[in-house]
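Asks: Whatever this is, show me its structure:
(chains A and B)
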Amino acid sequence: MAVIRLALIGVLTLLMAGTLQAGAIEVREFDDPVLEQRYRSLTASLRCPTCENQAINDSNAPVSGDMRDRVYLLLQDGRSDMEIRDHMVQRFGDYVLYNPRLEGRTFLLWGLPAGLVVAGGVLVALVVRARRNASARELSAEERARLEVLINRGRPE
Amino acid sequence: MTRRLLLLLPLLGFLGLSLFLYQGLSLNPFHRDSALMARDFPEFDMVTLEDPERRVDRSLLANGEVTLVNVWGEWCPECKREMPQLLDLAERGIRLVGISYKDTREKGLGFLEDFGNPFEINIFDPDGELAFELGVYGAPETFLVDREGIIRYHHTGYISASDVREHILPEVQKWQ
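Replies: Residues are numbered from 1 along each chain as shown, chains lettered A, B, ... in the order given. A predicted model of the protein is given here:
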């Protein structure tokens, strides 16, 4: 079943690529180099909803073209990067963000690596402390006597 | 002995994580919920495919009836293949509204002539303006809109006869 599904997706992708090859990705003119930079980074950080793993800035899918148009228009309209990302997420879902936002649902995703580093640090600290304590304790009189016996046992009388 | 068993913890953690990530490999990224799920169908004001003079808006879909909104295009082979299933749904008395997506009027009307017309009305969307608001990323896509005009179910891609039986009909009944 999974194989059939994969094959279907493959065929679909080919069909789409076939109908929509339509040529390279358009070049846009910007008067403001800052706006151009923002356009570049936005289109590189938004993921094409219909491709397997492509940002909208290097995808030929029609929806990517529509999204680039919209990013351009919203930039011209003076919207912030945050607003533009939200605009896309409201329509296409979290899927379009290459960097998922930090929220309740993604807390584990962002928090786990840092949490594991902290947990590892605590573990190392505990082990080191346990070893140091063990070596620092002085022997009791009784233990000293036993040690004496053990050391002397092998010696010739 | 228990201390020894504790040493297995990292291995168990690793196995758990592997299993979790392994499952992710078989997930189909196209089976994700629409971002518009449980939200109002977007506002729009557009003309119909059938009549360039007739304007329709959101009230078309919040009129007390459960509606299937199907996004289709003449250029889309999967859309042609699912027409028999849509005609079947219409025959069962379910209300269907089409969105003619990125077509010319001529091609859109030709499509309906060739493959049948299960739609009460078709919204004409040559630039994909309304489809963009719906987060459509390929045709066909189908949305179930409840009586108040809220999106309740979303199907991406071709609708097979078994999709109709197993998903579409139960969802329609659920919201009727």
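Asks: neighbours around residue A:68, how many?
Replies: 20 (other Cβ atoms under 10 Å in any protein chain shown). The way it works is simple: take the backbone N, C-alpha and C, and place the C-beta from them, glycine included.
Asks: okay but it is in contact with residue A:43, surely?
Replies: Yes - applying Cβ atoms under 8 Å, one finds residue A:68 in contact with residue A:43, separated by 5.7 Å.
Asks: Common neighbours of these two, please.
Replies: Contact with both residue A:68 and residue A:43 is made by residues A:56, A:57, according to Cβ atoms under 8 Å, 6 or more residues apart in numbering or on different chains.
Asks: counting contacts, what elements does the worst-scoring helix or strand of chain B on mean pLDDT pack onto?
Replies: Least confident helix or strand of chain B, by mean pLDDT, DSSP states H and E, is helix B:2-6 with a mean of 82. Applying 3 or more Cβ pairs under 8 Å, 6 or more residues apart in numbering or on different chains; DSSP states H and E, one finds that helix B:2-6 contacts no other helix or strand.
Asks: Does the residue most central in space within chain B fall in a helix, a strand, or a coil region?
Replies: For chain B, the residue nearest the mean C-alpha position is residue B:142 (2.5 Å; Cα atoms, centre = their mean). Here residue B:142 is strand, with the state taken from DSSP: H, G, I helix; E, B strand; the rest coil.
Asks: List the contacts of it.
Replies: B:68, B:69, B:70, B:71, B:154, B:155, B:159, B:168.
Asks: Tell me how many other residues crowd the nearest residue to residue A:48 once chain neighbours are set aside.
Replies: Counting by Cβ to Cβ, 6 or more residues apart in numbering or on different chains, residue A:59 is the residue found nearest to residue A:48 once chain neighbours are left out, at 4.1 Å. Look at residue A:59: counted by other Cβ under 10 Å, it has 22 neighbours.
Asks: Kindly report the same for the one 3 residues further on.
Replies: Residue A:62 is flanked by 18 other residues according to other Cβ under 10 Å.
Asks: again, but for residue A:87
Replies: When neighbours are defined as other Cβ under 10 Å, residue A:87 has 15 of them.
Asks: Surely it touches residue A:79?
Replies: Yes - if you go by Cβ under 8 Å, residue A:87 and residue A:79 touch, sitting 7.5 Å apart.
Asks: pretty sure the residue nearest to residue A:48 contacts residue A:44?
Replies: No - Residue A:59 is beyond contact range of residue A:44, at 11.2 Å (criterion: Cβ under 8 Å).
Asks: Domain-wise, how is chain A divided?
Replies: Using automatic domain parsing, the domain parsing of chain A gives A:2-101, A:107-153.
Asks: Quickly compare those and say which is most buried.
Replies: Sort the domains of chain A by mean neighbour count, taking mean count of other Cβ atoms under 10 Å in any protein chain shown, and domain A:2-101 sits at the top with a mean of 15.
Asks: so for that domain, what's the average pLDDT?
Replies: Averaged over domain A:2-101, pLDDT sits at 86.
Asks: Run through the residues of chain B sitting next to chain A.
Replies: By Cβ under 8 Å from any Cβ of the partner chain, the part of chain B that sits against chain A consists of B:26, B:28-30, B:32-36, B:75, B:77-78, B:102, B:128, B:132-138, B:157.
Asks: Quick check: which element contains the spatially most central residue of chain A?
Replies: With distances taken as Cα atoms, centre = their mean, residue A:99 lies nearest the centre of chain A, 6.6 Å away. Following DSSP states H and E, one finds residue A:99 outside all helices and strands.
Asks: For chain B, which residues score under the pLDDT cut-off?
Replies: B:1 (pLDDT under 70).
Asks: which helix is the longest one in it?
Replies: helix B:9-25 (DSSP state H).
Asks: Quick one: name whatever helix or strand follows that one.
Replies: Next along the chain after helix B:9-25, taking DSSP H and E as the criterion, comes strand B:45-47.
Asks: Residue B:145 is in contact with residue B:69, correct?
Replies: Yes - contact criterion Cβ under 8 Å: residue B:69 and residue B:145 qualify, at 5.8 Å.
Asks: How much space separates residue A:143 from residue A:153?
Replies: 16 Å (Cβ to Cβ, to the nearest Å).
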